[in-house]
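Q: mind folding the following:
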Amino acid sequence: MISIIIPAHNEFDNLQRLFNVVNFLEHEKLSEIIIAISPSTSDNTDIFSDIQKVKLLYCKKKGRAAQMNEASKIAKGEVLAFLHADVLPPTGFICDIQQSLQNNFDAGFFSYRFDKDKWFLRVNSSFTAKDGFFTGGGDQCLFIKKNTFEHLGAFNEEQAIMEDFEFFGRMKK
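A: Below is the predicted model of the structure:
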């Protein structure tokens, strides 16, 4: 089963957009979606608790790393998928994760695809399709077996930004 974790700080509009288009809420392999809400958010996110499988977690600490770590501790799934609120996952999102796990991968990412066709965005997208410096950013949606995530020590909460790149560096070793 998969637990999706979405860190949120003033993300109401993005969450609303995400939940208006997602097609995986009914997927049998989806255990839950945990919205890990920053303690200093000004949004009214209570509306999302009415959505099936969605749980709101009001975090003790602010910062994406702290929020995602706190949510990972209560997650029921054997697999964690860290999704940013402003990212729309591909249509076969859950099935793609399941396929990667069946192919004996413990973790993975999705490549970027922007909703605007600009040359510099295409260049940026191309970097995320291959293993390299730009691989592992949060907008790519990390999925990882929960026991592997815990073994690697979770996200570094001292890392104020780009915590996902720092984690990916440890993961690659």
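Q: alpha carbons only for contacts and neighbour counts from here, please
A: Noted.
Q: relative to Phe149, how far out is the nearest residue to Phe109 once chain neighbours are set aside?
A: In space, Phe109 comes closest to Leu142 once its chain neighbours are excluded; the distance is 4.8 Å by CA to CA, 6 or more residues apart in numbering. In this view, Leu142 and Phe149 are 11 Å apart by CA to CA, to the nearest Å.
Q: over to Ala8?
A: Ala8 sits 20 Å away from Phe149, going by CA to CA.
Q: who has more neighbours, these two?
A: A count of neighbours by other CA atoms under 10 Å puts Ala8 above the other of Ala8 and Phe149, at 28 against 20.
Q: hey, what's the more buried one bridged with?
A: Ile37 (DSSP bridges).
Q: surely it touches Ser40?
A: No: using CA atoms under 8 Å, Ala8 makes no contact with Ser40, being 10.1 Å away.
Q: next helix or strand past the worst-scoring helix or strand of the chain on mean pLDDT?
A: Here the helix or strand of the chain ranked lowest by mean pLDDT, DSSP states H and E is helix 119-128, holding a mean of 48. Once the chain leaves helix 119-128, the next helix or strand it forms, by DSSP states H and E, is strand 142-145.
Q: can I get that following strand as PDB, trimmed to CA atoms?
A: The C-alpha coordinates for strand 142-145 follow below in PDB (Å, rounded to 0.1, in the frame of the first residue of the first chain):
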ATOM      1  CA  LEU A 142      10.100  10.800  -4.700                       C
ATOM      2  CA  PHE A 143       8.600   7.400  -3.900                       C
ATOM      3  CA  ILE A 144      10.500   5.000  -1.600                       C
ATOM      4  CA  LYS A 145       9.900   2.000   0.600                       C
END
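Q: all helices of the protein, in order?
A: 12-21, 64-74, 93-102, 119-128, 146-151, 163-172 (DSSP state H).
Q: just say which of those is most tucked in.
A: Most buried of the helices of the chain, by mean neighbour count (mean count of other CA atoms under 10 Å): helix 64-74, with a mean of 22.
Q: hang on, Ile97 packs against Leu142?
A: No: counting by CA under 8 Å, Ile97 stays clear of Leu142, with 9.9 Å between them.
Q: which neighbours do those two share?
A: Taking CA atoms under 8 Å, 6 or more residues apart in numbering as the criterion, Ile97 and Leu142 both touch Gly108.
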